[in-house]
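Q: sequence and computational prediction follow.
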Amino acid sequence: MSQLHLWVRAEQRNNETRVGLTPKGAAFLLATGMKVSVEHSATRVIPDAAYADAGCQMEPSHSWPDAPGDAIIFGLKELPEDGTPLRHRHIMFGHAFKGQPSGLRLLQRFRAGGGTLLDLEYLLDDDGRRVAAFGYWAGYAGAAVALKCWAAQQTGGIAGPITAYDSSTHLLSELQANLVATGSHRPNALIIGALGRVGKGVADLCTAMGVATTKWDIAETASGGPFPQVLTHELFFNCVLARPGTPVFVPSDTPTRPRRLCVIGDIACDPDSDFSPIKVYDRTTTWDAPALRVHSEPMLDVTAIDNLPSMLPLESSEDYAEQLLPVLAQLGTSDAHVWTRAAQTFQDHVARL
């Protein structure tokens, strides 16, 4: 049996400095007999030298297309959309299984090259639960961005660019200053999906900032709607992934209805899915322009950034990598049921193209 080869690629997306494997984790995999290659990256939150010191083979940035055919390419965010066929096995968040146009193009590239997508979102244990997720830090950072949007509205403005922070302590300090500048009033918030990782991150950030929260989960949304309570809260957070059967929480006529609602934080962030429960916007927002104003009088902003944990790259990377490491160690072993299921999910979707 050939030595299993994991190739950690340098992320190619702007504002993406996270990584799914720490040097400590790499050293653990190396000790099991796995080969670990890591591409050089000038932007990765953990420096190259730490991986070299751990014993990893260092490779040029973005050289993964030329990696040996049996290497498993591991990254987090999407690949450049250049249309090239994909011949390797890739571990990443592909966003390819819910009918998204970009996802269909990605699947076609895998079919053309004979490769396989092992989607991180679809790594599930025997009970169908995700084995690793960035959700907590997505919720935490997403709540912070929504509060920045609300603070900007208090003076009639719109939120300016966001950036990454060295730690959550740095983020909290800046956000507290933003809110203090608005006066003593704090908004209230409704969180849907409050019992999940994402919802807990939202709730913890809100608590730290003195924002009162109403927490809903499956029981409170089982009726299927409508949900007029969304309109009575100033902030609304969607922490529920879009899937068939997901109720509509924010219908398309929301902007013109009587409401206190002024900021929507769509942490799940799947606007181009037919199953999106937020029907007032159709595109993600960005670090440079985190708020999309969908109505002016009264103001209603949507923030929907799809790489929120990158605002806290070190904490979120270390947390996620710790969750994922035991599963990475199963690659190529008889215990690799998580990976077998992920490969079958990919094959099922390719068969439908």
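A: The structure has been received and is ready for your questions.

Q: ranges for the helices of this structure?
A: For the chain, applying DSSP state H gives helices covering 23-31, 48-54, 101-113, 135-153, 168-180, 197-208, 218-221, 313-328, 337-351.

Q: to Arg186, which of those helices lies closest?
A: Nearest to Arg186, of all the helices of the chain, is helix 168-180, at 7.0 Å by CB to CB. Quick note: C-beta positions are derived from backbone N, CA and C, even for glycine.

Q: just the buried positions in the closest one, please.
A: Ser168, Leu171, Leu172, Leu175, Asn178, Leu179 (16 or more other CB atoms under 10 Å).

Q: from Phe237, how far out is the third one?
A: When you say that, I think you mean Leu172. Distance of Leu172 to Phe237, computed by CB to CB, to the nearest Å: 18 Å.

Q: picking that back up, quick one: the buried residues of helix 168-180 as TSV, columns for distance to Tyr122 and pLDDT too.
A: Listed next are the buried residues of helix 168-180 as TSV, based on distance: CB to CB, whole Å; pLDDT from 0 to 100:
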residue	distance to Tyr122	pLDDT
Ser168	28	97
Leu171	30	98
Leu172	33	98
Leu175	33	98
Asn178	37	97
Leu179	38	98
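
Q: dump these into TSV; add distance to Ala189 as well.
A: Formatted as TSV, the buried residues of helix 168-180 follow (distance: CB to CB, whole Å):
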residue	distance to Ala189
Ser168	19
Leu171	17
Leu172	17
Leu175	14
Asn178	16
Leu179	13
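
Q: what about stretch 134-146, average pLDDT?
A: For stretch 134-146, mean pLDDT rounds to 97.

Q: list the contacts of it.
A: For stretch 134-146, contacts defined as CB atoms under 8 Å, 6 or more residues apart in numbering pick out 18, 159, 162, 168, 171, 175, 189, 196-206, 235, 237, 239, 263-265, 267, 290, 303, 305, 308-309, 311-312, 315-316, 319-320.

Q: ok, now stretch 288-300?
A: With CB under 8 Å, 6+ apart as the contact definition, stretch 288-300 has outside contacts at 145, 148-149, 152-153, 158-162, 254-256, 259, 261-264, 280-281, 283, 285, 301-305.

Q: buried ones in it?
A: For stretch 288-300, a neighbour-count test (16+ other CB under 10 Å) marks Pro290, Ala291, Leu292, Arg293, Val294, Met299, Leu300 as buried.
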